[in-house]
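K.L.:
Sharing a model prediction with you, sequence too.
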Amino acid sequence: MTQLDKLARLVAVFDQFHNAIAALDDPRAKLLAGNWAAHRDQYAKPNGVPRSALAGGMEQGLRETPMLLTSMRSDLRKVAAEALAAAVAAHYAEFVAKDAARLQKVQSRGHIRGENEYYLVRHHVDILEGQPGREAELHRLYQLVQQFESRGK
């Protein structure tokens with residue numbers, strides 16, 4: 001995939017995600033959607049900034065987006081997490097595959113190593129909660145999250 005293609009896909013992910021959360025009755029969602037609207041053209045129509053730098057920054061932002069959702073009420077965070085997952089699946093499926101591999105490594109290892117992995121697992125929990133037939137996987141992910149959180153205390 002070229003950097004132009006990657007950048008276009010990431011812009012499409014953020015467009016779909018922010019359009020979905022803009023309708024939520026949540027101050028964090030409104031802030032995120034407003035920030036994207038204010039800065040979208042810097043990514044969609046780069047002016048002198050290398051596309052590779054923009055794509056790299058946006059991909060990192062995509063990885064950090066679940067962290068930004070943590071202050072939302074749990075029911076709205078779940079809606080936002082599902083909106084993010086749908087946007088990524090629709091426009092940047094390779095990212096889903098990379099994150100699935102990262103999640104599998106955490107589960108195989110049996111513990112979370114750092115904040116990035118914590119937010120990866122926490123985001124996956126938000127997506128799975130309420131899905132029938134996923135209780136065993138959720139239980140294991142809850143254990144990983146609890147184990148990581150208890151290290152900080």
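P.N.:
Everything's here; your move. Since the model is a prediction, treat every value here as computed from it, not as a measurement.
K.L.:
Tell me the spacing between the residue of the chain most remote from its centre and residue 143.
P.N.:
Distance from the centre of the chain peaks at residue 48, with 27.7 Å (C-alpha atoms, centre = their mean). Residue 48 is 48 Å from residue 143, where distance means C-beta to C-beta, to the nearest Å. C-beta coordinates here come from the backbone N, C-alpha and C atoms, glycine included.
K.L.:
now do residue 132
P.N.:
In terms of C-beta to C-beta, residue 132 sits 20 Å off from residue 143.
K.L.:
just residue 105 next, same as before
P.N.:
Taking C-beta to C-beta, one finds residue 105 at 16 Å from residue 143.
K.L.:
and if you look at residue 52?
P.N.:
Shown here: residue 52 relative to residue 143, a distance of 39 Å by C-beta to C-beta.
K.L.:
what's the neighbour count on residue 17?
P.N.:
Using other C-beta atoms under 10 Å, residue 17 has 24 other residues around it.
K.L.:
again, but for residue 70
P.N.:
Neighbours of residue 70 (other C-beta under 10 Å): 13.
K.L.:
Contacts only, for it.
P.N.:
Residue 70 sits next to 77, 119, 122 when contact means C-beta atoms under 8 Å, 6 or more residues apart in numbering.
K.L.:
quick one: which of those residues sit in helices?
P.N.:
Counting by DSSP state H, the part of the contacts of residue 70 found in helices is 77, 119, 122.
K.L.:
List the buried residues for the strand or helix carrying residue 63?
P.N.:
Applying DSSP states H and E as the criterion places residue 63 in helix 51-68. Buried residues in helix 51-68, defined by neighbour count with 16 or more other C-beta atoms under 10 Å: 51, 54-55, 58-59, 62-63, 65-66, 68.
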